[in-house]
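1. Got a predicted model here, sequence first, then my questions.
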Amino acid sequence: MTEIRGLLFDKDGTLFDFHRTWTPIMAEVAKEIAGAPMVPRLLAAIGYREESGRFEAGSIGAAGNTFELADVWLGLLGGGDREAMVERLDGYFARLGPLRSVPVTDLTLFFGGLKQQGYTLGIATNDVEASALGTIDRFGLQEAVDFAVGYDSGHGAKPGPGMALAFCAATGLAPAEIAVIGDNSHDLDMGRSAGAGLLVGVLTGASGRDDLAPLADHVIESIENLPALLES
């Protein structure tokens, strides 16, 4: 097996608790877009299930990008300007994402420890790039994170391989030398299609073990278990 030298992390559901972060954000944005009475319909249409209080694994709310979200919501709202809706939604996400993100662990210590071990670190998200960069700034990860990319960065969205291949191109690593860590099938499919050397699923997002096990080399409870996995 090729030595793993780079670690490419999904953002929401992997570095940050998905449901504690994005359920309230999505509800707030839906209210701003369409008013309080429409919130349940808008959330249900992108995969939120009120009975569980969770977004379904693989749903637009859990793993999609803003274009997919805009298309569904505009369909419910009777149409409108797609580009304007995407711009409006991304504006909300770029502001609220960094502000409301709930980390699954102390990310400064976590990334600092991986950096000391010599790993090259990246973040790839189907969120807007501005949200990723704002989150990196908020949590003081600028020195640790070597690469960050969003769905709008020009490399395509997950589950395509573009983000992972861009990470390799930017860092000089071969795909077989990177691990992709994520909470959703989109993350793992991205890694597989890019030829990543290791695929790791985490359970801090919308997916359960049964969702991730067929797609991942390993499934762990959270990124806190990743250092021990890498040592083994």
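-> Sure thing, it's come through. Small disclaimer: the values here were computed from a predicted structure and weren't measured.
2. who touches Glu56 in this structure?
-> Counting by Cβ atoms under 8 Å, 6 or more residues apart in numbering, Glu56 makes contact with Gly47, Tyr48, Arg49, Ala62, Ala206. The way it works is simple: take the backbone N, C-alpha and C, and place the C-beta from them, glycine included.
3. Show me those that map onto helices.
-> Among these, the members falling in helices (DSSP state H) are Ala62.
4. will you turn the contacts of Glu56 into CSV that also has neighbour count, pLDDT and distance to Gly97?
-> Below are the contacts of Glu56 laid out as CSV (neighbours: other Cβ atoms under 10 Å; pLDDT from 0 to 100; distance: Cβ to Cβ, whole Å):
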residue, neighbour count, pLDDT, distance to Gly97
Gly47, 20, 96, 18
Tyr48, 25, 96, 17
Arg49, 12, 95, 22
Ala62, 26, 90, 15
Ala206, 24, 90, 16
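5. For this protein, which segments count as helices?
-> Under DSSP H, the chain gives helices at 18-34, 39-45, 60-63, 66-76, 82-100, 107-116, 129-138, 162-171, 185-194, 209-212, 226-231.
6. Pull the distance from the fourth one to the chain's centre.
-> With Cα atoms, centre = their mean, to the nearest Å as the basis, helix 66-76 stands 19 Å off its chain's centre.
7. again with the third one
-> Centroid separation for helix 60-63 versus its chain: 9 Å, with Cα atoms, centre = their mean.
8. so what does that helix touch, helix or strand wise?
-> Counting contacts by 3 or more Cβ pairs under 8 Å, 6 or more residues apart in numbering; DSSP states H and E, helix 60-63 packs against helix 18-34, helix 66-76, helix 185-194.
9. what about this structure, any weak spots by pLDDT?
-> For the chain, the stretches flagged by pLDDT under 70 are 1.
10. Which residue of it lies farthest from its centroid?
-> The C-alpha centroid of the chain is most remote from Gly78, which lies 29.1 Å away (Cα atoms, centre = their mean).
11. Give the full set of residues in contact with it.
-> Taking Cβ under 8 Å, 6+ apart, we find Gly78 in contact with no residue.
12. picking that back up, which single one of the contacts of Glu56 is nearest to Val102?
-> Proximity of those to Val102 (Cβ to Cβ) peaks at Ala206, which lies at 14.7 Å.
13. Tell me how far the nearest residue to that closest one once chain neighbours are set aside lies from Ile223.
-> Leaving aside its chain neighbours, Ala206 sits nearest to Ala62 (3.7 Å; criterion: Cβ to Cβ, 6 or more residues apart in numbering). Going from Ala62 to Ile223 by Cβ to Cβ, to the nearest Å gives 18 Å.
14. With Arg5 instead?
-> As judged by Cβ to Cβ, Arg5 and Ile223 stand 18 Å apart.
15. more crowded one of these two?
-> Taking neighbours as other Cβ atoms under 10 Å, Arg5 and Ile223 compare with Ile223 leading, 25 against 17.
16. isn't the more buried one right next to Asp17, touching?
-> No - between Ile223 and Asp17 there is no contact under Cβ atoms under 8 Å: 11.2 Å.
17. what do those two both touch?
-> What both Ile223 and Asp17 touch, as defined by Cβ under 8 Å, 6+ apart, is the set Val104, Thr204.
18. that older thread, which of the contacts of Glu56 lies closest to Cys168?
-> Among these, Ala62 lies closest to Cys168 (Cβ to Cβ), at 25.8 Å.
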